[in-house]
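Enquirer: Next comes the sequence, and after it the predicted model I'd like to discuss.
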Amino acid sequence: MSTFRTFQHNLTVLVCILFLFRVLAQESEKVELPPYSEYKDLKTKTWFNSYGNIRIGKRLFWDAQTHLRLEETKETPFVGQVAQIYNRHAIGYIHSKYFNVRLGGVLRLNFNTDESSEDRNLVPEWRIWHQYQFAQSLSSMMIYHRIRIEHRWTQGFAEDSEYIFRNRWRYMFRMKIPLNSHKLKPKTLYVAPEAELIMQSGKAVVASPMEDLRLTSTLGYILTPRLTVAAGAMYSQGQDLTNGGYFKHSWAMRFHVYYSPDFRKVKNKLPEIHLTD
Amino acid sequence: MIRLTINPLLFFVVCCCIGITNSLNAQEVKNYNGPLQIGKYNGKAKYTYKIVDNDTVLDGDFLVVRSNLQELLQKQDYSFQFKGSFVEGTANGPWKFQFGEFNSESQSEIIDYQYRVLVSGIQKSASGKINMGKPNGKWTILEEQIENSEIVNTLFKSVISFDNGVPQQNFSINNEDYTLIGRFLRDGLAHDEWSLFPVNGIDQSESWFFRDGLLMSIRVDDDNDHKTIQAYNDYNGKTQTINLNESYIKALEIQLSQENIEILQYKSLPRLLTQNANRYQEIDAILSSLGKSEFLPEFKVKVPYYPLNTIERNSVDSIVSFYQKAKILSETILHNSQLNLLKLSDSTTAYQYNSVLALKNQFLKPIKNVVDFDSLGIVEFAAREQLQKHLFPNGFPSKNLTIEIAIDSTTGYKAYEIPTSAFIDVSKSTIENLVAISKAGLDGVMAIADEVKETLAQEKRQNELVYLEEQIIMENDSLIKFSDSLLVTDMPVLYKKPVQHIKSFANRTLNDYSKVKSAQNRLVQARKTVTCLAGLNQLVRTVEKMPKYKDTLKDTYTDRIWNPFMATLMDEDIKRRITTAYNKILEPYFLNETSALDCDKVSTLNDQINSTYLQILELRDQETKKLERKLKKEKDPLAILQMLNVQNTVKQ
């Protein structure tokens, strides 16, 4: 517990410094890189993610994700308090078993976790995103390559802060390895290691193109073809937007529910071809 | 003003002219030249016709021919030529028909720079005039034997004169054996002397004397004697005009004594007439298929007419009905193999058998003649006494018969009295007596049939039992063979056990049957056993299919669905309550039922298994939410079957 207190303490100091820097930056618009890259204090987060994938046609589906992200604060160590509520939606197109694309929007509600802040408590963040996912099977496991491109408009909590526009370039490599079965099928426990690199660009991005590197390991269980649960741990680090010399890093516990209902009438769902007829 | 009056009149006249021209145009005569099929004749035709109401109506000259040299040279050719003319679809004018069947022995000669092939065979021809479909004037019909293109023999020849279809004046018909010459009145009735001469000059000749169609007498001449047989000589009552055919001869037969019947060669006369009628029939068939025709010569004669009144008519109907029943019964008895054997050793059976034989000869045979006369419609053409005399020349049979019994070369006699209420009495009318005789015949046969009933039934039973026992063996062999073959396969033990149960139950059933001693019970039991074993055969085959049923149901109730998160297809069990009910409750129940079988349950169980399977297959694509809810709590197999509507199906 003492460690976390220290962290909290440090964090407050850091936020104060950052704030100071920001004020200074605004005033002078001059950012000075530290002589050596520095890690900021480690944070912990807890993510509850639900992933819906609702079939709306032979090849079309509605991707509906709702995430609840908690972030530790001084008052709420470890598990943290609500930081973001995340609504990611898209319409997807299944090109084949091995390739699908989707396009949609995100509305993220950012909560101000800074207990000392006088600013607004809640600001929205908007994104347009598109994603290209390739899947391939390798022996009993599956390998996925995910390219996700986001166009995001963000703003700070300050009353008069303006939206800044950035692009995010994300690539994720993921594997799903069944543990108690020769393939991914119901009643299978699997482990899913993944690595995702998130790069960013935009006017506001001067010296911090690497926004995040996420290394995750998840343990999942396929309950039915339509329902899977998973939980894992993620370590992430990335450059601070305002000063590329500082690196944020955190540990997150992630809990996922994957569901894929299909409300179409039975007669419209032909076997196998549900996909490829 | 005058011009105004005339103009409409002129217009009317012009319209009429145009109308007539149009209708003439519509009936324009057209030519046809091409193939034509008339019944069995297929040849090349050339004719003129017109179209009336979309129908082809022949009008004008007509010709159809066929001959094929190639076929003639190879084996045999049939040739024909029909030549004549039609008026408005009806044959009219001179006609000639020729039919030939020839073969050639490939002999040919050259005459006047032409190859001539010599043919042999038979040539038939008919020629004469037709007046609107009916023969008119002299018609000659010929059948000649041809050898090397020369006539060597006349097989048949008929020359008849007609007046608008009615035969007139003199005619002659001859075949290879006889010649018939006769005369008709203007109304077509046979008249005067009809003479039948033998061609060889040796056999007797006959002269039939008609007066106004009524046959008076027949004079038979042979080398050294002559005899006159009286026919309807003295008759001057009511008559009816009928055709001279076989029925007429039958009616005549009633009139004549048996002795006279045997003297006469008269059968040659109707035979000649029939031959003649057939030729005319051939031509009529051809003409009918082309248009309207009445090309049938009718040789009319008169017969005495003794009409039946309503009561007599009904009586004749009863005679026919009595006879038919008696015939069936007597045939059954006389052809029964058991009785045929028994009568050789057992005097009672011999007595019964021979009684039926006597009834058949003395009662049923004469009655059969009445039935035949009735079907020919000639009962009314004979005087009742004459009919009676003809049927029973030795008087009516008696109800008291003497039956001969011959066993082991000793012959005995025994009296038999027909147990009947029918009363034969000479003072009653002929028809009444015929009814009585036919009834007595039937009563007699029925009484004996009743006595030998047990023997008849026993034979039937015996035969059935033999058949059933063969079936039992067959079913049992099939069952054992099939079960044994199943037991050595890699079928799961779960299903092998029921097969064992069924096999041993079949064995028990067979044992039970073999213990039945009484003959009566044995038949009943044999029937049951066959049904039971047949049911078991079906059941064991159903059990063989049950693993497949289970697999098919699993496949049917599995959906391959796309898991978007894994990007793989996964099997999803759908409507699990239904499949679970089958796998966990119904199938174990069915398999278990085989351990407590009884014959009454076998086919029900078999039907239940099959209908359940089919029903569940069908439910795959049906709305089953309610059923699934009900199945959730239910554990009783019978209740589940009821829910699936299987119980009902089986009961039906």
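Expert: Received, thanks.
Enquirer: Can you pull the poorly scored residue ranges out of chain B?
Expert: By pLDDT under 70, the weakly predicted segments of chain B are B:1-27, B:72, B:105-107, B:201-204, B:223, B:265-268, B:270, B:297, B:647-652.
Enquirer: Which neighbouring elements make contact with the longest helix along it?
Expert: For chain B, the helix with the greatest residue count under DSSP state H is helix B:519-556. Judged by 3 or more Cβ pairs under 8 Å, 6 or more residues apart in numbering or on different chains; DSSP states H and E, the packing partners of helix B:519-556 are helix B:453-487, helix B:493-515, helix B:587-593, helix B:599-619. Backbone N, C-alpha and C define where each C-beta goes, glycine included.
Enquirer: list the buried ones in the next helix or strand after it?
Expert: Going down the chain from helix B:519-556, the next helix or strand is strand B:558-563, by DSSP states H and E. With burial defined by 16 or more other Cβ atoms under 10 Å in any protein chain shown, the residues of strand B:558-563 counted as buried are B:559-563.
Enquirer: And stretch B:119-138, by the same measure?
Expert: B:119-121, B:123-136.
Enquirer: Narrow these to those in strands?
Expert: Among these, the residues falling in strands (DSSP state E) are B:119-121, B:123-131, B:134-136.
Enquirer: and the closest residue to chain B within the stretch 1-150 of chain A, bridged to which residues?
Expert: When scored by Cβ to the nearest Cβ, the stretch 1-150 of chain A has residue A:135 as its residue closest to chain B, at 3.7 Å. Beta-bridge pairing for residue A:135 (DSSP bridges): residue A:144.
Enquirer: and chain B, what are its domains?
Expert: As recorded under automatic domain parsing, the domains making up chain B are B:7-301, B:306-451, B:457-651.
Enquirer: So which of those domains is nearest residue A:82?
Expert: For residue A:82, the closest of those is domain B:457-651, at 25.8 Å, according to Cβ to Cβ.
Enquirer: What separation is there between residue B:566 and residue A:36?
Expert: Counting by Cβ to Cβ, to the nearest Å, the gap from residue B:566 to residue A:36 is 44 Å.
Enquirer: Settle it for me: which of these two has more neighbours?
Expert: Each of residue B:566 and residue A:36 has its neighbours counted (other Cβ atoms under 10 Å in any protein chain shown); residue B:566 has more, 25 against 6.
Enquirer: Next, the more buried one: secondary structure please.
Expert: Following DSSP: H, G, I helix; E, B strand; the rest coil, residue B:566 is assigned to coil.
Enquirer: show me the contacts for the nearest residue to residue A:37 once chain neighbours are set aside.
Expert: In space, and not counting its chain neighbours, residue A:37 is closest to residue A:245: 5.4 Å by Cβ to Cβ, 6 or more residues apart in numbering or on different chains. With Cβ atoms under 8 Å, 6 or more residues apart in numbering or on different chains as the criterion, the residues that contact residue A:245 are A:33-34, A:36-38, A:207.
Enquirer: I'd like those as a markdown table, with pLDDT and secondary structure appended.
Expert: Below are the contacts of residue A:245 laid out as a markdown table (pLDDT from 0 to 100; DSSP: H, G, I helix; E, B strand; the rest coil):
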| residue | pLDDT | secondary structure |
| --- | --- | --- |
| A:33 | 86 | coil |
| A:34 | 89 | coil |
| A:36 | 91 | coil |
| A:37 | 90 | coil |
| A:38 | 92 | strand |
| A:207 | 88 | coil |
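Enquirer: and which of the residues you listed is nearest to residue B:212?
Expert: Among the contacts of residue A:245, and counting by Cβ to Cβ, the member closest to residue B:212 is residue A:207, at 145.2 Å.
Enquirer: Go through the helices and strands packed on helix B:519-556 and name the closest to chain A.
Expert: If you check each of these against chain A by Cβ to the nearest Cβ, helix B:599-619 wins as the nearest, at 11.8 Å.
Enquirer: Is the closest one positioned near chain A?
Expert: No. Helix B:599-619 does not reach chain A (Cβ under 8 Å from any Cβ of the partner chain); its nearest approach is 11.8 Å.
Enquirer: Alright, I will stop here.
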